[in-house]
Structure formats: C-alpha cells, structure tokens
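Trainee: Quick one: sequence plus predicted model below, questions after.
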Protein chains: 2
Amino acid sequence: MDDLTIARLTTRQADFNARLDQLLAWESVSDKKVNQIVDEILDAVKQQGDAAVVEYTNRFDRTVASTMSQLELSSDRLKQALDGLPTEQRAALEQAAVRIRQYHEKQKSDSWQYTEADGTMLGQKVTPMDRVGLYVPGGKAAYPSSVLMNAIPAHVAGVQEIIMVVPTPGGELNELVLAAASLAGVDRVFTIGGAQAVAALAYGTESVPKVDKIVGPGNIFVATAKRAVFGAVGIDMIAGPSEILVICDGKTDPDWVAMDLFSQAEHDEDAQPILITPDADYIEQVEASIRKLLPTMERREIIEVSLRNRAALIHVNDMDEAIEVSNRIAPEHLELSVDNPEALLPSIRHAGAIFMGRYTAEALGDYCAGPNHVLPTSGTARFSSPLGVYDFQKRSSLIMFSAEGASETGKIASVLARGESLTAHARSAEYRIKSDT
Amino acid sequence: MDDLTIARLTTRQADFNARLDQLLAWESVSDKKVNQIVDEILDAVKQQGDAAVVEYTNRFDRTVASTMSQLELSSDRLKQALDGLPTEQRAALEQAAVRIRQYHEKQKSDSWQYTEADGTMLGQKVTPMDRVGLYVPGGKAAYPSSVLMNAIPAHVAGVQEIIMVVPTPGGELNELVLAAASLAGVDRVFTIGGAQAVAALAYGTESVPKVDKIVGPGNIFVATAKRAVFGAVGIDMIAGPSEILVICDGKTDPDWVAMDLFSQAEHDEDAQPILITPDADYIEQVEASIRKLLPTMERREIIEVSLRNRAALIHVNDMDEAIEVSNRIAPEHLELSVDNPEALLPSIRHAGAIFMGRYTAEALGDYCAGPNHVLPTSGTARFSSPLGVYDFQKRSSLIMFSAEGASETGKIASVLARGESLTAHARSAEYRIKSDT
C-alpha cells in the first residue's frame, strides 16, 4: 500500500477535461467469444426448452438435475428461509422492505383522461406488466438487498407474477436471498443462471413461463444475453461498475468521506470513487484517512485496485465548479456532503441518486432509505433513471372521437395524409367527415 | 387480385393458437453483413468525426459536400419551408402541432418529495435531458407527422437542444419535413442519414454535438446502428412493421373497416392488418369491401402484399374472446369499432393505442388526435409504451437524512451490509449512528 497513488486532478490544469474523460472511460465489451457462446445457448434453449436449460445448468453450476422441477424452489422453501433467519437480520430485512415499499408506492402512475368541448376523449391508460423475470446472481455476489430493490417495485406496480432465477453454483443456496424473495412478493424461484436462465425467461420453456421484462444484474454472459433478447422482452439498463462522487465543502469528518468512498470501491475493482472539493487541504486529510483506514478493511485488496485505477481526488475553485464537473460526470451516486445541500440541488442536472448532507451516507441508500439502489452508471444518468415502479407499468393511448370531433379532426388528417401520399389514411379519415358540414 | 387470399382464422380451430403465433411471427434480423458495415461506419465516425460523415454521406446519398457546414440547414431555411407551404397544409400542420402539444403537456412528470417524522426527506427530482437527436428518414418515407410526434414531446419535456438528422438522397429536400421541424422546435438540422448520422449523434463530431438520446425510425442500417450505440446514448424502441387490429361487433360500415385495415397495410408490405369479430357474416362483408376498394387504392400493390402475407380475418365466439385474442396479440393500434367501447376498456391489458368507437379512425391518431403515433409494435406493448414526454425526462432519487434518521436507519443498513459481507458499507453507516442511543 505504500506505493498506492490516487489520481489528483484540478480544474486549473489546462488538460483537465481530457484527463477527466480518460478517467471516466469505461466500456463493457462483449468479445466475439462471449457473443458466440451466448448465441449458442440462446438458440439451444429456444429450440429444446427445459432439456437445454437443465443440461447447461448441470454443466456450468455443477448440479445433477434430471428435470426442471428439481431446479424450482417452492414458496414454502422461501418462507422457511425467512423463518430461519436470526432475529436481528429478519427485523432489518423487514424494516428495509417496508421503507422500500413506502417510497415506491409514491411512484405509481395512474391512468388519466380529459374530454374536449366537442365530446372527444383523450387520455392514457396505465397497466402493470403481466409477468416479469428477476435475475439474481449466485455465489458470492448474491445480494438480498438486490432482491428487494428489483422485486418490490414490480410488486407495487401490480405485476401478477414475479419469476426469480438465481444460480446455485455447486448447489449452494443463499438463505438471505431466499428470505428476501419471500418478503418481496416473488412468486416462483428457479435455481438457474447465466445466459440459459435469460433465454428461459425470454422465450419460455415447458416449465419456465415467458416473461415480459427481465431485470437484475449479472455477469458478462448475463448482460450479453439480456442485450440479445432485448426487443423480444423488455430489459433494464445494462449496469456498469458502481461509482460514487462525493462533493464536500471540507468540513465533514475525513474518515466519514474516506469510508463512503470505500463503500463503493469495495464492490468491484472497476468501481469508481471520486472526491471533489474546493478545499485543497481537505484532499490531504481525506487521503490521510484513506491510508489510515485501508489496512483495516476486510475487502482492502479490491478497494486498493479501485483506488489505484479509477479513483480521483479533484480540486475545484468553488462549489459552482464542483457542480459543473459533477454534471459532466453524471454520477450514479452523488453525495453532497455540505451544510446546505438544498441550495445546490437546483443546479444538479444529472445523477442517479443524490445523498444530501453529511449524515446521508450512500450506504443507507443501498439498503433501506427507501429509494432504489438500481441506478444508472457510467454517465447514463444523462438519459436514464433509477429502477422504479414506472419500469413495470406501461401505457396505452386512449382516443375516443365524438362524431363531431372525428369530422373536424378528419379534415386535418386528410390534408396531412395526402401531403404524405398516404391515401388510405386520408380516405379512412374522410369517411368520418360529415357531408353536411 | 382475383387470386388474393386473406387468412381466415376462428377460435374454434383446435390449432388456433399455433396458427395465430405463426401469423404474428416477425423478427427483425440484422444479418452479419449489415452488422459488419454498421460497425465499420460507427468506428470510422468515432475516429475521424466530420470527415467520415461527409465521406459516407457523399457516397450513400450522392451529395458533393466538402465540409459538414454544407450539410447543415439554417433555422431561416426551416422557417422559409414553413412560410412556403400552401395555406391549407400549413394550417393543418399547425393545428396538428397544437393538438399534439396540448396532449403531451399532460404527460409531464413533476419532482416530488416527502418528509418523515424524524425530518428525513425522500423524493425524486425530474429533469429533462440536455440534448436529443431525432432521426428522420429521407426520400419517400419522409413524414412530417413523424417530426412533430418525435420533436414535440422532447420540446415539452424541456430538452434544451433538439438536433434533427435527415438524409437527402440526391440532394432532395422535403419542404413539409423542414416546415414540421420549424413548428416543432427543432434547433439544428443536419442533412445526413444512415449509420453515419447515428454515429455522429452518439459520439459527437467537430460539428455535430453528442446527444443524450436518439429517437426516430429508420431502415435496417439505422436500426442496427441504434442498437449498437445503446448504452452510450439512450434510444427509443426499435420499431417493427405497423399493425392494426380492429375489433368490430359487425355493425360498422364494412367499407370503413376495410379502409382502416388498408391504412396500415399501405405503410409497408410487412404491415399487419387484422379484423376480429363475433359476426361470421361481417367477415364476408368486410372481405367484399376489401375486394371492391382495393383496385381504387393508389398504393394497392403494397396493400395487396400485406393482405396476402400478414392479414387475418378472425372469427370469435363473443366479445370476451375477442379481447382475449387481442391481449395475446398486444397490438400497436387497436380499434374498438363497437357501440360502447368504454365497457371493453377495463379488460384490455396490452395495446399501444386504443381507438374507441366507430368514428375513431386509426388515421386520426397518426396525424392530429394528439397522442403520439410512435407506438410499440410486434407485441412489445406487453412491456412498452407510446413515445412520450417521459421518454425525454429522467429522474434522480433524493435522500436527505436528519441526524436522528441516519442513526436509526444506519442500524438497519449495518445489519444488512454485514449480512452481505460489505463492511465498508456497514462502517460508513455506523459512523452516523449516535453513540448515546
């Protein structure tokens, strides 16, 4: 660790923007080999259904199933996992679920309509999807919090059936994950993973029902498979490595900020922790805290690689410049570790989630604040949003013309359709024009 | 036309579901050759910027530009197109724009927040995207209505800059398209198209600013390019051929319904017009109208191929069954050509847009009813929505804990983080737990 160097940037550097771009550059590339393997698996599952899923699962997860029914868990089994949790864990999981549910209830969209003077009604009908699939990674990266964050919004939206898939490499089940599934309203659980699980959800098999949308994180095979089935089913965003950007006025305990940076760095060697401050001396303080605390961290190897390769301590002239840099980055997690974060809020244009004030550790948002922890990464907050109830609802336009309205509007449609040389459109509208007007 | 056969189905057939699936089957496949060409173009534009865009444009669109500035139209040029329109066309375009704007104003989402008893604030901040790109096909398929339908929602959302690209094969400009751009609030127009235009918008060049999202229809090269840049920028859905499903009780003038079916069939040889009715005799009447009217249609060749290959006249036992079949299809356009369409509405789960009553021709919705004509195709209405203002807004979660709230919630986060072996998360939360509680 003595040789740990963390990148330092300052907006006073002439090439600051280029350096920042270089630091942020990150691209998930599915190489040809991965694409080819995924294509084969998708095809096999599409053609052979259950048989292919069972075969791939046995091969990749070292299971010994002969039928899909051996790869499904009953809801009793989920309930048993919940009942088997230590009291403290069960209470924490339940409290988190309550807070997440309360917050997401506020995101429900309702149908709306209005009627015009001539009796014409226009509106939009909002309906939940029928059935969604939730991918949960297996093994070490199995996070019960992700089950809550993905399943609860779907449940709140009114999705009728939530199907979870979770691989169990070597047969290893994660009791916390199963307990979370029970709490979150998951209807069925299959212990399958990888591209074969994505294919089963996207196309359906004899045992696994075809879903309308697949959400949840996964490795490169899962991400590649999700990208490939996009269109046949809906998918959520393909997530990149986690990021945190802390904007601090220099007055938060530097140990707190160092630990907040660690809390993203510990996720992944590619994770990106960034501090921006107008206080040059504070950068020294936080770096000292980092050097002091790092040796005490259980996941210090991962944290260190993240700090070395992807972190930055950025000095800016003032808070306005801090916000400007933040808007360029469009971070997944933005901590405003300042006295009056509400004053900064109007200037912030792009961020997945904004953690306001010194007390609002990003980690609270990961588990139990209420808002979703599935957030846009790699600058995609410029155009996308946290996972939410709206991701499990869809809309249908409503149009009901009165005879009068159809006649008047038909005249406009007729002119425009003829301008586009679409005469069937024009004549269809013209049939509804009253001859006496 | 004497040999024109239109598929007839009835739910009484034992293999009805299989027949229906076969009829609906449609997959947009970008073959290897297309993928390879698109990848080359994307790479070239990424590396060489303007120079590559100019070169491809000259090659594919037979233009003779030497710089990008020759491929940009001024806003004066757009205004000139609007001013040059015949009075009737200009009035129709303006009336359509007003109706579309009025409807979309109702779609704007607002930021919201709430405060809990301990002073903790949670919410969601809604912001427009900074800049979006609008692809408009050139040549024959250039539709001014599409410019209105794509640009107005972005404008209503508050997008600061709307960049339109439209190829001009052989230098041919479409005055109606330029006029629509002027009306809809488009800021800049480049006369470029194909994968090179998508690349320019996605990556930015010296002249074309990088956008946050690309919307609008295009040919297979455009669709393939959009799919490839998805992630670097947002995209809308990849649209399939247009579809209409008319559910009729047998009491609408069969000429009207035949023309409504034609109005989608004339778009594209792959377009899919379907009639569902419980009245077997009505199927005969509509087919007679089809045979009578088809020879009078300007686009009869296209309509005939669509009718032959993709149309169906489906007989069902009753209206409940009609709705059930419709929900299976999840049509882009659904016409409820019945007396009391509102009675059917609660049962309809999946449709892009619902046209209610005999007067509500689908064509009205294409131009000027108000709702968007960019709708989910090929059954994707199961999980997606009409293009709307919400496609140009994004959300940031807001979390501001009081000292008290951070302490209490930190205890939950600590337990859950330790359950996931993420101890930096746990310690970050624990710093905010009050020692005296």
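Mentor: Received the coordinates, thanks.
Trainee: Got the phi and psi for the nearest residue to A:P137 once chain neighbours are set aside?
Mentor: Sequence neighbours aside, A:G218 is the residue nearest to A:P137 in space, at 5.7 Å (criterion: Cβ to Cβ, 6 or more residues apart in numbering or on different chains). From N, CA and C alone the C-beta is placed, and that goes for glycine too. Backbone torsions of A:G218, given as degrees, to the nearest 10, read phi -170, psi 180.
Trainee: The one 4 residues further on now?
Mentor: With angles defined as degrees, to the nearest 10, A:V222 shows backbone torsions of phi -70, psi -50.
Trainee: list the contacts for it?
Mentor: Shown in contact with A:V222 (Cβ atoms under 8 Å, 6 or more residues apart in numbering or on different chains): A:135, A:137, A:193-195, A:197-198.
Trainee: A:Q285 too?
Mentor: Going by Cβ under 8 Å, 6+ apart, A:Q285 touches A:P254.
Trainee: at 10 Å instead, please
Mentor: A:250, A:252-255, A:257-258, A:277, A:279 (Cβ atoms under 10 Å, 6 or more residues apart in numbering or on different chains).
Trainee: Okay, and the beta partners of A:L73?
Mentor: Counting by DSSP bridges, A:L73 is bridged to A:V189.
Trainee: isn't it right up against A:T191?
Mentor: Yes - the criterion here is Cβ atoms under 10 Å, and A:L73 meets it with A:T191 at 6.4 Å.
Trainee: which residue does the stretch 51-200 of chain A bring closest to chain B?
Mentor: Residue nearest to chain B within the stretch 51-200 of chain A (Cβ to the nearest Cβ): A:A92, separated by 3.9 Å.
Trainee: ok but that residue is inside a helix, no?
Mentor: Yes - counting by DSSP: H, G, I helix; E, B strand; the rest coil, A:A92 is part of a helix.
Trainee: That one: how many residues sit nearby?
Mentor: The number of residues packed near A:A92 is 24, by other Cβ atoms under 10 Å in any protein chain shown.
Trainee: What sits closest to it if chain neighbours are left out?
Mentor: Distances taken as Cβ to Cβ, 6+ apart place B:V415 nearest to A:A92, at 3.9 Å, with adjacent residues excluded.
Trainee: before we move on, which element is that neighbour in?
Mentor: Element membership for B:V415, per DSSP states H and E: helix B:403-419.
Trainee: packing partners for the helix or strand following that helix?
Mentor: The first helix or strand that comes after helix B:403-419 along the chain, using DSSP H and E, is helix B:423-430. Secondary-structure packing of helix B:423-430 (3 or more Cβ pairs under 10 Å, 6 or more residues apart in numbering or on different chains; DSSP states H and E): helix A:254-265, helix A:300-310, helix A:362-367, helix B:403-419.
Trainee: and the closest residue in space to A:Q264 that isn't next to it in sequence, what pLDDT?
Mentor: The shortest distance from A:Q264 to any residue other than its chain neighbours is 4.0 Å, reached at A:I244 (Cβ to Cβ, 6+ apart). The model reports A:I244 with a pLDDT of 98.
Trainee: Could you tell me how many residues sit around A:S74?
Mentor: 10.
Trainee: For chain B, what's the nearest residue on the stretch 101-250 of chain A?
Mentor: For the stretch 101-250 of chain A, Cβ to the nearest Cβ, closest residue to chain B: A:G234, 3.7 Å.
Trainee: what about the residue nearest to A:P137, how many residues close to it?
Mentor: The burial count for A:G218: 25, using other Cβ under 10 Å.
Trainee: Tell me where the model's unsure across chain A.
Mentor: Across chain A, the ranges flagged by pLDDT under 70 are A:1-2, A:28-30, A:140-141, A:436-437.
Trainee: rerun at 50
Mentor: A:437 (pLDDT under 50).
Trainee: At the geometric centre of it, which residue do we find?
Mentor: For chain A, the residue sitting closest to the mean C-alpha position, by Cα atoms, centre = their mean, is A:V374 at 3.3 Å.
Trainee: What is the neighbour count of the residue nearest to that residue when sequence neighbours are not counted?
Mentor: Among residues not flanking A:V374 along the chain, A:L387 sits closest, at 3.7 Å (Cβ to Cβ, 6+ apart). If you count neighbours by other Cβ under 10 Å, A:L387 ends up with 25.
Trainee: tell me the contacts of A:L387?
Mentor: Going by Cβ under 10 Å, 6+ apart, the list of residues near A:L387 reads A:104, A:149-150, A:152-154, A:215-216, A:236-237, A:352, A:371-376.
Trainee: Need the phi and psi values for A:T127.
Mentor: Torsion angles, degrees, to the nearest 10, at A:T127: phi -130, psi 150.
Trainee: Please apply the same query to A:D212.
Mentor: Backbone torsions of A:D212, given as degrees, to the nearest 10, read phi -100, psi -30.
Trainee: Check the gap between it and B:V374 for me.
Mentor: 20 Å (Cβ to Cβ, to the nearest Å).
Trainee: A:H373 now?
Mentor: Distance, A:H373 to B:V374, by Cβ to Cβ: 31 Å.
Trainee: quick revisit: any idea how far the residue nearest to A:V374 lies from chain B?
Mentor: According to Cβ to the nearest Cβ, to the nearest Å, A:L387 and chain B sit 10 Å apart.
Trainee: same check, this time on A:E266
Mentor: In terms of Cβ to the nearest Cβ, A:E266 sits 4 Å off from chain B.
Trainee: Next up, the contacts around that residue.
Mentor: By Cβ under 10 Å, 6+ apart, A:E266 lies in contact with A:242, A:259, A:273, A:297-303, A:306, B:417, B:421-425, B:428.
Trainee: Please parse chain A into its domains.
Mentor: According to automatic domain parsing, chain A comprises the domains A:7-27+A:241-369, A:32-111+A:127-235, A:401-437.
Trainee: B:E321 is nearest to which of those?
Mentor: The closest of these to B:E321 is domain A:32-111+A:127-235. By Cβ to Cβ, the value is 18.2 Å.
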